[in-house]
Each structure stands twice: as structure tokens, then as C-alpha cells.
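In: Here's a sequence, model it:
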Amino acid sequence: MEQYYAAPWTVLLLDTDLHLPYPCIYQKTSRENFTEIIQRLADFYVITLENPSLENILDLLEKFEIFDPRAYFLIILAEPYNPYIFQILAQYFIYKVVVLTLEDDLITYDPFIYEDVLANGIEPTDLGKCANFNFSSMNIFNKTLPFLWRNTTVVATYVEHFPYIQKHHTFEFNTDNETLYGSYASGVFYSIFEIVTKEIQSETNLTDVEYQNNSTEDMLSNI
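Out: Purely as a prediction, here's the structure:
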């Protein structure tokens, strides 16, 4: 931690009694304990993983908006090591991470080496025993995001906000007293859109898209 900590970082410790000589926030991964408001995202997450699944912990962090996948992660296993843990980490786009096993092994991975989070051939890297590891000779969190994302599904959020295209519905009666329904697009954004299409001399077609409000869980389940 001495090599990587930079003031004024926020260090969030989950389900762990690990004592660090830095300002830390201790949390238990139960919904009733995730009620305090943390003013900023953590820079370093230390997670002791025993009974709760890693997915449940990360879902809680997302739900309470204190999850930053670009932060540093140290996962201390209190159960036997299973390489599947790195598949879970990849689904949440966590890449600056080190797992400490019960056997005192340090294990990491580099999921974006091929610019594809679902690429084949990504294997965890065993860095050796923690007690014998020379941390000054190697930055174990030295991972970067790819410049290009190829064949990669990323989590996206949708927020309805102004300006947007408005669809107005109209109706009128004909001579036979029948109701004729119609609709047209309007709004400030659409007026600008019409000006641009006129200047570049292009034709456009508008297609109705059914409104769908995806939750984080729905989006993650499709990854």
C-alpha cells in the first residue's frame, strides 16, 4: 500500500478488519449497512471475500453509487481460490486488481491486452508469494485501458434529457365524421436537425423506438 497510496485517497475496506495507516472507510456488505453516504468514489477497494459472492458485493457498490471500476482493487480470499473470479471481474471492467489467496499467492490478470474484454486466451498471472514479492521492482497495478474497443460490450446508461425529439399526436375529423390520426416530430433539437440535413442535402427517416428503461442488472446480464 505504501507504494501505491496517494493522499488524499479514499480507501474502502469491505468485510475486513485489516488496519491501514491511512484514512479508511469500513463497510459490511449487507444492505442495512450500506446506508451511509460516501461523498466520493473510492480510489482503493480492499475486499475480504468469504461467504458473500463477489457479484453481490459489486452489485451493492453499484446500487449505492460507490463503485469505480477504474480504481485499485485488492481482494483477500478467505476461501479456496477459483480462477472464475477473474471472469466476474472482467464483466465489471475491473482491471487494476490483485487477488491474495489463502496460500499467500498474488494473482492478477490483464483483461484488455487484446482490446477485447471477452477475448480468448486471457489467463491469470501468478506473481508468486506475497511475503517474498519485491513490490519496489514491479507495479502490479500497471494496467491500461485500450485505445480501441473491438468486439467488446460495455455497460451504457440511458438518461432522458432535453433536448430530444418530441412526437406530437394529432387527430381531426373528415367529412364523414371519421377520426384521422397523425403525428409529427418537433422540438428545438429537431429544428436544428432539419437545418443540418437541409445544408448537407440529405434525406432522413424517423423510426419509432419503444421506450425501455434498463436497470444495471439487466444490462450486466446481457454481457
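
In: how about the helices of the protein, start to end?
Out: Per DSSP state H, the chain has helices spanning 54-63, 85-91, 188-199, 216-221. These are given in chain order.

In: got the ones you listed as JSON lines, with mean pLDDT columns?
Out: Converted to JSON lines, those look like this (pLDDT from 0 to 100):
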{"stretch": "helix 54-63", "mean pLDDT": "86"}
{"stretch": "helix 85-91", "mean pLDDT": "88"}
{"stretch": "helix 188-199", "mean pLDDT": "78"}
{"stretch": "helix 216-221", "mean pLDDT": "51"}
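
In: Leu100: which of these is closest?
Out: Leu100 lies closest, by CB to CB, to one member of those: helix 85-91, at 11.6 Å. C-betas here are computed from N, CA, C, even on glycine.

In: which of the residues in the closest one are buried?
Out: Buried residues in helix 85-91, counted by 16 or more other CB atoms under 10 Å: Ile85, Phe86, Leu89, Ala90, Gln91.

In: Tell me where the model's unsure across the protein.
Out: Across the chain, the ranges flagged by pLDDT under 70 are 1-7, 31-40, 52, 116-121, 148-166, 168-169, 171-182, 188, 208-223.

In: Give me the nearest residue to Tyr92, chain neighbours excluded.
Out: Spatially, and ignoring its direct neighbours in sequence, Tyr92 is nearest to Leu58 (5.2 Å; CB to CB, 6 or more residues apart in numbering).

In: If you tally nearby residues, what's the number for that neighbour?
Out: Leu58: 22 surrounding residues under other CB atoms under 10 Å.

In: Can you name the residues that contact it?
Out: Phe67, Ile88, Tyr92, Ile94 (CB atoms under 8 Å, 6 or more residues apart in numbering).

In: Distance check, Leu100 against Ser183.
Out: Noted for Leu100: a distance of 60 Å to Ser183, by CB to CB, to the nearest Å.

In: what's the answer for Gln27, then?
Out: Gln27 is 50 Å from Ser183, by CB to CB.

In: who has more neighbours, these two?
Out: The neighbour count for Gln27 versus Ser183, taken as other CB under 10 Å, is higher for Gln27 (22 against 12).

In: Show me the chain divided up by domain.
Out: Using automatic domain parsing, the domain parsing of the chain gives 11-137, 166-221.

In: most packed of those?
Out: Greatest average neighbour count among the domains of the chain goes to domain 11-137 (a mean of 16), per mean count of other CB atoms under 10 Å.

In: for it, how far is the first residue from the last?
Out: The separation between the terminal residues of domain 11-137, taken as CA to CA, to the nearest Å, is 24 Å.
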